[in-house]
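Trainee: quick one: sequence and predicted model below, then my questions.
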Amino acid sequence: QKEVEQDPGPLSVPEGAIVSLNCTYSNSAFQYFMWYRQYSRKGPELLMYTYSSGNKEDGRFTAQVDKSSKYISLFIRDSQPSDSATYLCAMSGYNNNDMRFGAGTRLTVKP
Amino acid sequence: KAGVTQTPRYLIKTRGQQVTLSCSPISGHRSVSWYQQTPGQGLQFLFEYFSETQRNKGNFPGRFSGRQFSNSRSEMNVSTLELGDSALYLCASSWTRQGRNEKLFFGSGTQLSVL
């Protein structure tokens, strides 16, 4: 079993839809949780960075962390075609020197 | 402010050859990490350098090596290439050591194809 599980999709939604992306994990030592967006032929770009449980909102993006369930989510409101990309979750502990990534979910937002 | 720069963007090599990839971090960033990304395995950690010293290493064979220079620029080398080494190699920089949970900023990667 992988430490981080993420449904690779693909996920296709119409423009304006609310998108929900999720990851589960098994290592209770993870404390920092991140979401990256990766466009084709580009490196991952940091979208959201959260510590411990709770919600964080940034524009159309909301990240949620539920440490008791070992479950994290990213919501995208009013999705746009420009949101079409692969979304990677990532997490690390206090003193981990490397990070664990999910496999990535490929999202397509259709006009 | 310039982002993380990786060169070259694309490489085609044959089995048995070696390859060197280069990474220039964001100005002021002292930590450089390398990752391998493949469709099957996703992003996997190779190693991290901070102040010219390797601080952590992932589970890759000794054919994969790296170094960091005094200006924080980093190179990684893969010797005796195998077909399975075909991947996107990503470099990420951060202000301090990755272990302190600093945000990682990635370059666009080097796409390596081994024939």
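Mentor: The structure has been received and is ready for your questions.
Trainee: dump stretch A:79-89 to CSV, keeping only the CA atoms.
Mentor: C-alpha atoms of stretch A:79-89 as CSV (Å, rounded to 0.1, in the frame of the first residue of the first chain):
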residue,chain,number,x,y,z
SER,A,79,-13.8,25.9,-12.7
GLN,A,80,-12.2,27.4,-15.8
PRO,A,81,-10.6,25.7,-18.9
SER,A,82,-7.3,27.1,-17.7
ASP,A,83,-7.7,24.9,-14.6
SER,A,84,-7.1,21.9,-16.9
ALA,A,85,-4.0,20.2,-15.5
THR,A,86,-2.8,17.4,-13.3
TYR,A,87,-3.2,18.1,-9.6
LEU,A,88,-0.8,16.5,-7.2
CYS,A,89,-1.2,16.3,-3.4
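Trainee: that stretch: which residues count as buried?
Mentor: For stretch A:79-89, burial by neighbour count (16 or more other CB atoms under 10 Å in any protein chain shown) applies to A:Ser79, A:Asp83, A:Ser84, A:Ala85, A:Thr86, A:Tyr87, A:Leu88, A:Cys89. Quick note: C-beta positions are derived from backbone N, CA and C, even for glycine.
Trainee: does that stretch come close to chain B?
Mentor: Yes: using CB under 8 Å from any CB of the partner chain, stretch A:79-89 reaches chain B at A:Leu88.
Trainee: quick one: contacts of that stretch?
Mentor: A:4, A:6, A:13, A:15-19, A:21, A:23, A:33-40, A:44, A:47, A:60, A:72, A:74, A:76, A:101-111, B:42-43 (CB atoms under 8 Å, 6 or more residues apart in numbering or on different chains).
Trainee: what do you get if the cut-off is 6 Å, keeping everything else the same?
Mentor: Contact with stretch A:79-89 is made by A:6, A:13, A:17, A:19, A:21, A:23, A:35-39, A:44, A:72, A:76, A:101-102, A:104-106, A:108-109, A:111, as judged by CB atoms under 6 Å, 6 or more residues apart in numbering or on different chains.
Trainee: stretch A:53-69 now?
Mentor: By CB under 6 Å, 6+ apart, stretch A:53-69 touches A:Phe33, A:Trp35, A:Met48, A:Thr50, A:Ile72, A:Ser73, A:Leu74, A:Phe75, A:Ile76, A:Arg77, A:Asp78.
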